[in-house]
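S.K.: what follows is a predicted protein model with its sequence.
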Amino acid sequence: MTDYQSVANEVADTIMAGGLRPGDRLPPQREFARRHGIATSTAGRVYQELARRGLTVGEVGRGTFVRAPADATAGAPTESTGARIDLEVNHPVVPEQARLLSPGLGRMLRPDALGTVLRHSGAAGTPAARESAADLLRRGGWQPDPARVLFAGNGRQAITAAISALVPPGGRLGVEEVTYPGVKAMAARLGVVLVPLAVDGAGLVPEAVEEAHRSAPLQALYVQPTLHNPLSVTMPPQRRRQLADVLLRLGVTAVEDTIWAFLHDDVEPLAALAPERTVLVDSLSKRISPGLTLGFAVAPRAVLAPLATALRAGGNLPMAFALEAASRWHADGTVAALVRAKQRAAAERQVIARRRLAGFTVRTDPRSYHCWWELPDGWQSDAFVAAAARHGIGVLPSSAFTVGRHRSVDAVRLGYCSPTPDVLSQALATLADLARSTPDDFLAD
């Protein structure tokens, strides 16, 4: 073995053992050569070998850095690798994501810039951050007033604070009878009573809101009008107008969750139709990355002060670093590029799902990253989840999304984000084969 290979092996072993971590910078080649007692030319070959193995990456003008390992891809469901294919967690990531985000972060790491963005931030952020957020959130001809924008650490915190500001403990919060599971946990923590409301193919039924309010007043409403999770339903314009009229007539304020709306950004939000009766909530977790989050809340004037108080009281304030990063990424076009890439990726994965799940009853949208699969007769959702798990695939049962005593159809939600397209295709093929069998076949395995 040549000198450069043995030295490269030593460095590789150090990286694998965690002695050098992703992002750590290797010394300049001349210094590396001096430390290891080798010629500078040999050090150059060591660095080339490490790069060839995918362990390091060179950046012009900055040096050589330990590279993060490639994303571990779960094995195909027919392979006995012990790996689990996750169709539960649903955070879209595209291959070009790190490359697009890196330049904006790099400019923030200068000592002068870093000192500014590591300071404390309040719920109102800065005027520049509010202007940037207002532009980032505009959709379908609607753009919020920057003065009405508040920030949270993430979208879930923004929703929690909005519910806390609108609904006292013991108060009633209307929700779609099939809804985002996080809201169930939030309501339990806040002591809020969830009131399930009927949905149909166009989303939340406005008459159901009126009926529930007549029974006992609703303090607020939580609703997902665009790419509903888990149903993927997007309310048509007429249904949105009907719901806005109900909110205005009853004097009820809605918390409008638009976390997935960036995939369908040509539709005006409910907040455009009833701005004084809607708290619009959004975040960066799906649009950009779950690893650097920021929540947004666009609130009516009357709700701004109690919402800011709820954010402070819950410790849900944003990081100044995230505020600055979001503003930079929006200004330089990174956010727009990521959104376009994720819209394309969602469409591609929908094509895979349509092919693999053909013939089944599936509710989804060509722009969505998930679907609601109504299982064939004979399958209960919990049994299907258990059977899928035995094949190394994680899916969520309909019970995770239902509210109160409502008994939904036996269904599962499939999230398309985590696996690669090839693995997704294989996983869906396995699930389709499973659905064509019977629970008795599963128990007989």
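M.R.: Nice, thanks for sending it over.
S.K.: show me where the stretch 301-445 of the chain has helices.
M.R.: In the stretch 301-445 of the chain, the segments counted as helices under DSSP state H, counting those that start in this stretch are 301-313, 320-331, 334-356, 381-390, 421-436, 439-444.
S.K.: kindly list the single helix or strand of this protein that scores lowest on mean pLDDT.
M.R.: Evaluated with mean pLDDT, DSSP states H and E, the helix-and-strand set of the chain has its lowest mean pLDDT in helix 439-444, which scores a mean of 66.
S.K.: how many residues are close by residue 242?
M.R.: A total of 18 residues lie near residue 242 under the criterion other Cβ atoms under 10 Å. Every C-beta, even on glycine, is put in place using the N, C-alpha and C of the backbone.
S.K.: one more: residue 239?
M.R.: When counting by other Cβ under 10 Å, one arrives at 19 neighbours for residue 239.
S.K.: in space, what's closest to it - neighbours in sequence excluded?
M.R.: Taking Cβ to Cβ, 6 or more residues apart in numbering as the measure, residue 239 lies nearest to residue 202, with 4.6 Å between them; neighbours along the chain are not counted.
S.K.: ditto for residue 414
M.R.: On the basis of Cβ to Cβ, 6+ apart, the spatially nearest residue to residue 414 that is not a chain neighbour turns out to be residue 87, at 4.8 Å.
S.K.: likewise for residue 262?
M.R.: Distance criterion Cβ to Cβ, 6+ apart; nearest residue to residue 262, sequence neighbours excluded, is residue 287 at 4.7 Å.
S.K.: pretty sure the one you found contacts residue 335?
M.R.: Yes. Shown here, residue 287 and residue 335 form a contact pair, counting by Cβ atoms under 8 Å, at 6.7 Å.
S.K.: which of the helices of the stretch 301-445 of the chain has the lowest mean pLDDT?
M.R.: In terms of average pLDDT, helix 439-444 trails the rest of these, at a mean of 66.
S.K.: hey, what's residue 282 bridged with?
M.R.: As for beta bridges, residue 282 partners with residue 296 under DSSP bridges.
S.K.: report the contact partners of it.
M.R.: Taking Cβ atoms under 8 Å, 6 or more residues apart in numbering as the contact definition, residue 282 lies against 137, 155, 158, 258, 259, 261, 295, 296.
S.K.: look up how far residue 155 lies from the last one.
M.R.: Distance, residue 296 to residue 155, by Cβ to Cβ, to the nearest Å: 8 Å.
S.K.: low-confidence stretches in the protein?
M.R.: When the per-residue scores of the chain are filtered using pLDDT under 70, the ranges that remain are 1-2, 23, 59-61, 68-83, 112-113, 115, 406-408, 442-445.
S.K.: elements contacting the host helix or strand of residue 31?
M.R.: For residue 31, the element it lies in under DSSP states H and E is helix 29-36. Secondary structure elements in contact with helix 29-36, counted by 3 or more Cβ pairs under 8 Å, 6 or more residues apart in numbering; DSSP states H and E, are helix 40-52.
S.K.: so which elements touch the helix it packs on?
M.R.: helix 3-16, helix 29-36, strand 56-59, strand 63-66.
S.K.: of all those, which lies closest to residue 93?
M.R.: Closest approach to residue 93 among these is made by strand 56-59 (18.8 Å; Cβ to Cβ).
S.K.: mind listing the strands the closest one pairs with, and their directions?
M.R.: Strand 56-59 pairs in its sheet with strand 63-66 (antiparallel), by DSSP bridges.
S.K.: quick one: buried residues of the partner strand?
M.R.: The neighbour-count criterion (16 or more other Cβ atoms under 10 Å) identifies 64, 65, 66 as the buried residues of strand 63-66.
S.K.: which residues does it contact?
M.R.: Among residues not part of strand 63-66, those counted as contacts by Cβ under 8 Å, 6+ apart are 15, 20-26, 28, 47, 50-51, 55-59.
S.K.: and these, which are buried?
M.R.: Among the contacts of strand 63-66, those that count as buried by neighbour count (16+ other Cβ under 10 Å) are 15, 20, 26, 47, 50, 55, 56.
S.K.: tell me the one of those residues nearest residue 39?
M.R.: Using Cβ to Cβ, residue 47 is the member of the buried ones among the contacts of strand 63-66 that lies nearest residue 39, at 13.0 Å.
S.K.: tell me which element the residue nearest the centre of the chain is part of?
M.R.: The C-alpha lying nearest the average C-alpha coordinate of the chain belongs to residue 286 (Cα atoms, centre = their mean; 3.2 Å). Secondary structure assigned from DSSP H and E places residue 286 in neither a helix nor a strand.
S.K.: next up, the contacts around the residue nearest to residue 262.
M.R.: Residues touching residue 287, when contacts are defined by Cβ under 8 Å, 6+ apart, comprise 262, 335, 338, 339, 342.
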